[in-house]
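Novice: Any chance you can model this:
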Amino acid sequence: MADRPQSPLFETETSNAEIRERWRLADDADPAGMPLAELDPGNSNWFQAHKELAVFERLRAEDPVHFTADSQFGPYWSVTRFDDVKYVDTHQQIFSSDIMNGGIRLGGRPMEEAPDGLFHLPMFIMQDQPVHDQQRKVVAPMFTPTRLAALGNMIRQRAGDILDKLPRGEPFNWVREVSVELTGRMLATLFDVPQEDRHLLIHWSDTVERIGDPDYFDTPADGFNEIWKCFEYFNGIWQQRQQASEPGEDLISFMAHGESTRNMPPNEFLGNVLLLIVGGNDTTRNSITAGVQALNQFPGEYDKLRDRPELIPNMVPEIIRWQSPVAHMCRTAMQDTVIGGREIKKWDKVAIWYVSGNRDLDHFDNPDELIIDRPRVREHLSFGYGIHRCLGNRLAEMQLTILWEEIMRRFEHIEVVGPAAYLNSSFIRGITELPVVVHDR
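Specialist: This is a model prediction of the structure:
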């Protein structure tokens, strides 16, 4: 593969601290009292302060297709009701995900409007058809029912090992000791890298969401310098597996030998590796943590679970709905259109808020509550719909199901003993700390 591309991104003099300060929300900021025209739902401070649900409750009620004219991302629309989110997600001919048209995150712009040479990371989730379908097909064999079934015993053994080693009678951070540990081990397996390197994978996944965080990096360029270490790590693995006479049964081998992926340039290879790392880490990890948090928040449901552990397979998608670990995806309108009575112009940026649609009272009864025997729970938006529906959704559900089965065999109660801390991101709805004490049966 070629050397790392250069870009003005690496030479920016604007610090992350300056960027954050410009868009900082006051500690007492109240989404209910703010002028509607000034409400910027994509401001990550709402999420770190755990006020985002109040933002979307107001938008669903007052302005379900909301325009933000001035934000750190530029102008964009927010689609907040279930039916409208699903409509955008399933009409890929009208709403593009392609990185050349702006990609899937707030802040992306059509490349013709971007500075010359702006570095970008193509990945198949940020491609339209047919490229999207061709590249997705390469890694899809990892997630067939047969392969997933073969992983079940390994997941159960690992879950039991992690739970048995937890401290008893003293607080610890559930995120670090359980959620991160289980997902890290699975990532190392999917990529067939040494288990002792799993924390590197988690680190790079975390870095993707913290590139703009001044608590971690002074500038976005510093964050990307760290991300590039992921390429350096996987480049040697890629070359080894590309030269193998018999392709391996891991994600890198699949891409190294896939017709549509084996000749990827460095930035596209890195983009797809990061997509698979983040996709395999953040959704599962934050849902693992959210389940503990939610059952403590709704103790009647915890009692129900103790009485009826057979509800775990239904509880898992309900936890994923309740948490909505991917808060939004973005699309770019490729033609003038209408959503919810609002006129959307060609090239407008459209954020579809899964976290909001999953709390839509018109679609879910008592949507703010965790109800572990909720009917039709798989209708949630958290995995997306249409051609971009999450490829690893069944693996995520299987890990959560097995983990909760093992939890219920060991513990009478996982008690939350302090406040949670939340990720400063409006893309991944993450929990960074959850102090708990476990109580054995």
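
Novice: which residue ranges form the helices in the stretch 251-400 of the chain?
Specialist: Along the stretch 251-400 of the chain, the stretches classed as helices by DSSP state H, counting those that start in this stretch are 251-257, 266-297, 299-307, 312-323, 354-357, 393-410.

Novice: and Pro35, which of these is closest to it?
Specialist: helix 354-357 (19.5 Å; Cβ to Cβ). (Each C-beta comes from the backbone N, C-alpha and C, glycine too.)

Novice: count of neighbours near Ile372?
Specialist: 23 (other Cβ atoms under 10 Å).

Novice: Show the contacting residues for it.
Specialist: Contact criterion Cβ atoms under 8 Å, 6 or more residues apart in numbering gives Glu301, Lys304, Leu305, Leu311, Asn314, Met315, Glu318 as the residues in contact with Ile372.

Novice: Just give the nearest non-adjacent residue to it, would you?
Specialist: Met315 (3.9 Å; Cβ to Cβ, 6 or more residues apart in numbering).

Novice: Return the distance of the one you found relative to Gly280.
Specialist: Between Met315 and Gly280 the distance is 22 Å, computed by Cβ to Cβ, to the nearest Å.

Novice: Of the contacts of Ile372, just the buried ones, PyMOL syntax please.
Specialist: When burial is assessed using 16 or more other Cβ atoms under 10 Å, the buried subset of the contacts of Ile372 is captured in PyMOL by this command:
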select buried, resi 301+304+305+311+314+315+318
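
Novice: Which positions within stretch 209-220 qualify as buried?
Specialist: By neighbour count, with 16+ other Cβ under 10 Å as the criterion, the buried positions of stretch 209-220 are Glu209, Arg210, Ile211, Gly212, Asp213, Pro214, Tyr216, Phe217, Thr219, Pro220.

Novice: Equivalent analysis for stretch 318-335, please.
Specialist: 318-334.

Novice: And the strands in the chain?
Specialist: Taking DSSP state E as the test, the strands found in the chain are 65-68, 76-79, 95-96, 172-173, 328-333, 337-339, 342-344, 349-353, 411-416, 421-422, 431-433, 435-440.

Novice: Near the residue nearest to Leu25 when sequence neighbours are not counted, how many other residues are there?
Specialist: Nearest residue to Leu25 in three dimensions, chain neighbours excluded: Asn45, at 4.3 Å (Cβ to Cβ, 6+ apart). Residues lying near Asn45 (other Cβ under 10 Å) number 18.

Novice: Which neighbouring residues are in contact with Asn45, exactly?
Specialist: Contacts here follow Cβ under 8 Å, 6+ apart; on that basis Asn45 touches Trp23, Arg24, Leu25, Ala29, Asn424.

Novice: neighbour-wise, which of these leads?
Specialist: Asn424 (22 neighbours).

Novice: Read off the pLDDT value for Glu232.
Specialist: Reported pLDDT at Glu232 in the predicted model: 92.

Novice: er, Gly236 actually
Specialist: At Gly236 the predicted local confidence, pLDDT, stands at 90.

Novice: Wait, Asn393 touches Tyr385, no?
Specialist: No - counting by Cβ atoms under 8 Å, no contact exists between Asn393 and Tyr385, whose distance comes to 11.3 Å.

Novice: intersection of neighbour lists for the two?
Specialist: With contacts defined as Cβ under 8 Å, 6+ apart, no residue is shared by Asn393 and Tyr385.

Novice: so where's this structure uncertain?
Specialist: Scanning the chain for pLDDT under 70 picks out 1-13, 111-120, 124.

Novice: how about the helices in the stretch 101-250 of the chain?
Specialist: Taking DSSP H, counting those that start in this stretch to define them, one finds helices in the stretch 101-250 of the chain at 131-139, 145-164, 174, 180-191, 198-210, 220-243.

Novice: could you give the angle of the first one to helix 180-191?
Specialist: Translated: helix 131-139. Interaxial angle, helix 131-139 versus helix 180-191 (axes from the mean of the first three to the mean of the last three Cα atoms, to 10 degrees): 90 degrees.

Novice: cool, and the second one?
Specialist: Helix 145-164 and helix 180-191 meet at an angle of 150 degrees, taking the same axes, to 10 degrees as the criterion.

Novice: which parts of helix 145-164 are buried?
Specialist: By neighbour count, with 16+ other Cβ under 10 Å as the criterion, the buried positions of helix 145-164 are Leu148, Leu151, Ile155, Arg156, Arg158, Ala159, Gly160, Ile162, Leu163.

Novice: Show me what that helix is packed against.
Specialist: With contacts defined as 3 or more Cβ pairs under 8 Å, 6 or more residues apart in numbering; DSSP states H and E, the packing partners of helix 145-164 are helix 180-191, helix 393-410.

Novice: Taking the buried residues of stretch 209-220 together, which two end up most distant?
Specialist: Checking the buried residues of stretch 209-220 with Cβ to Cβ, the most distant pair is Glu209 and Thr219, at 16.0 Å.

Novice: For burial, what's the neighbour tally of Trp174?
Specialist: The burial metric for Trp174, expressed as a neighbour count using other Cβ under 10 Å, is 25.

Novice: dump the residue contacts of it.
Specialist: Going by Cβ under 8 Å, 6+ apart, Trp174 touches Thr289, Val292, Ile414, Leu434, Pro435, Val436.

Novice: circling back to that earlier point, in this structure the residue nearest to Ile372 contacts Trp404, no?
Specialist: Yes - taking contact to mean Cβ under 8 Å, the distance of 7.0 Å between Met315 and Trp404 places them in contact.

Novice: where do the contact lists of these two overlap?
Specialist: Both Met315 and Trp404 are contacted by Gly291, under the criterion Cβ under 8 Å, 6+ apart.

Novice: Tabulate the strands of the chain in a markdown table, adding columns for distance to Thr183.
Specialist: Shown next, in a markdown table, are the strands of the chain (distance: least, Cβ to Cβ, whole Å):
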| stretch | distance to Thr183 |
| --- | --- |
| strand 65-68 | 33 |
| strand 76-79 | 29 |
| strand 95-96 | 30 |
| strand 172-173 | 15 |
| strand 328-333 | 21 |
| strand 337-339 | 35 |
| strand 342-344 | 36 |
| strand 349-353 | 24 |
| strand 411-416 | 18 |
| strand 421-422 | 18 |
| strand 431-433 | 13 |
| strand 435-440 | 17 |
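
Novice: coming back round to it: right, so the helices of the stretch 251-400 of the chain: which one is the most enclosed?
Specialist: Stretch with highest mean neighbour count among these: helix 354-357 (a mean of 28; mean count of other Cβ atoms under 10 Å).

Novice: What is that helix packed up against?
Specialist: Of the remaining helices and strands, those touching helix 354-357 by 3+ Cβ pairs under 8 Å, 6+ apart are helix 52-62, helix 82-89, strand 328-333.

Novice: Return the distance of the longest one from the chain's centre.
Specialist: In this case it means helix 52-62. Centre-to-centre, helix 52-62 and its host chain are 21 Å apart (Cα atoms, centre = their mean, to the nearest Å).
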